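1. sequence unknown, structure follows:
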């Protein structure tokens with residue numbers, strides 16, 4: 001199982017692989033540590049397809065075995081689905097915060113017609129029981145959740161979101177801000193926005209987008225190995241933010257069509273004042289989706305992403321991880337994560353959305369969703385050993 005990746009600035013390997021959740025369709029995992037346990041969140045449908053719920057599982061043996069799934073959020077009145085994506089966080093006082101979206105489909109308008117609301121669950125007993133879940137009243141038209149909430153030294157919380165601040169505009173990346181441990185939120189600074197973003201080319205037309213001819217979602221199509229949804233809005237999307245200490249923050253952003261870019265490069269931005277203002281965004285030297293930044297026990301930074309691999313392109317689908325020893329200014333080459341069953345992906349959307357947590361002894365557990373033929377998507381784990 002061990003795979004090695006070495007270079008001038010990094011050396012790490014995949015030591016083990018296993019399964020977190022396969023009893024139900026499971027995607028978009030979040031991962032956090034609370035005391036002696038690991039908690040993973042997951043969604044049961046992709047991208048808010050009708051019927052989606054949000055669940056959690058727990059592990060008391062560093063990820064080797066996991067509890068039965070516990071569904072903690074279901075669609076409310078006027079909603080077709082709920083959806084969580086990566087955003088599961090433990091605060092310093094031991095409170096777990098689990099953000100999720102409520103999704104309502106507008107008949108005939110496809111993915112671009114989804115109406116999205118933001119919600120937040122809270123647990124004070126390690127994820128066994130949850131409270132909250134009410135719709136948050138925000139000055140943000142379409143706040144899609146993604147990325148772990150950042151707890152700053154002064155107690156403020158920064159919650160990365162992306163979407164349309166106003167109806168009709170392109171997607172932007174921004175943060176919500178809380179000064180009362182996540183009980184109330186206001187819309188904070190924009191991290192990045194391109195009002196003219198437009199993605200052209202073959203990536204904008206997936207082979208199987210999950211919509212019927214009438215523009216409505218077709219739940220049966222999501223098990224197709226080639227399924228990949230696409231929205232025509234474009235702009236900055238999934239954003240991961242990491243506190244580099246001393247008030248400095250690093251954000252890595254997924255994007256579609258920024259400045260006319262069709263290569264799906266990741267972008268980055270920095271803040272030197274604890275998230276109040278952000279530097280101009282700039283492209284990174286590689287492509288990727290569903291980015292997740294994490295600090296290992298040795299202080300190095302890890303960046304896990306889904307590989308950009310559109311149909312017919314030269315790159316094989318997969319999830320990969322890079323390492324930085326200079327605070328995220330540069331990253332090593334990628335190490336591919338391993339499907340626990342040895343499956344080789346045939347389509348991009350069969351995997352993705354990594355999350356990470358530190359293990360004793362300096363190792364790192366990485367969760368992500370994977371794919372099994374005739375079964376569908378499930379949550380897997382890899383153990384990463386830093387050398």
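-> Perfect, I can see it now. Model, not experiment: these values are computed from the prediction.

2. so what's the closest residue to residue 157 other than its chain neighbours up against?
-> Using C-beta to C-beta, 6 or more residues apart in numbering and skipping residues adjacent in sequence, the residue nearest residue 157 is residue 178, 4.2 Å away. For every residue, glycine as well, the C-beta is placed using N, CA and C. Residue 178 makes contact with 156-157, 159, 184-186 under the criterion C-beta atoms under 8 Å, 6 or more residues apart in numbering.

3. report the rounded mean pLDDT for stretch 303-320.
-> Mean pLDDT, computed over stretch 303-320, is 88.

4. same question, stretch 145-158
-> Stretch 145-158 comes out at a mean pLDDT of 96.

5. what ranges does the stretch 101-250 of the chain have for its strands?
-> 115-123, 131-135, 144-145, 150-151, 157-163, 172-178, 186-193, 235-245, 248-256 (DSSP state E, counting those that start in this stretch).

6. of those, which is nearest residue 329?
-> Shortest distance between residue 329 and the strands of the stretch 101-250 of the chain, using C-beta to C-beta, is found for strand 248-256: 9.2 Å.

7. tell me the strands beside the closest one, with direction?
-> Here strand 248-256 has these sheet partners by DSSP bridges: strand 235-245 (antiparallel), strand 265-271 (antiparallel).

8. how far away is the residue positioned nearest the centre of the chain from residue 374?
-> By C-alpha atoms, centre = their mean, the chain has its centre lying nearest to residue 86, at 4.0 Å. Using C-beta to C-beta, to the nearest Å, residue 86 is found at 27 Å from residue 374.

9. what's opposite residue 319 in the beta bridge?
-> residue 306.

10. surely residue 355 touches residue 85?
-> No - the pair residue 355 and residue 85 does not pass the contact test of C-beta atoms under 8 Å, sitting 9.8 Å apart.

11. just to revisit the earlier point, drop anything exposed from the contacts of residue 178.
-> For the contacts of residue 178, a burial check counting by 16 or more other C-beta atoms under 10 Å picks out 156-157, 159, 185.

12. now the common contact residues for residue 355 and residue 85.
-> residue 30.

13. possible to save the buried ones among the contacts of residue 178 as TSV with distance to residue 338?
-> TSV is the format used below for the buried ones among the contacts of residue 178 (distance: C-beta to C-beta, whole Å):
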residue	distance to residue 338
156	38
157	34
159	31
185	38
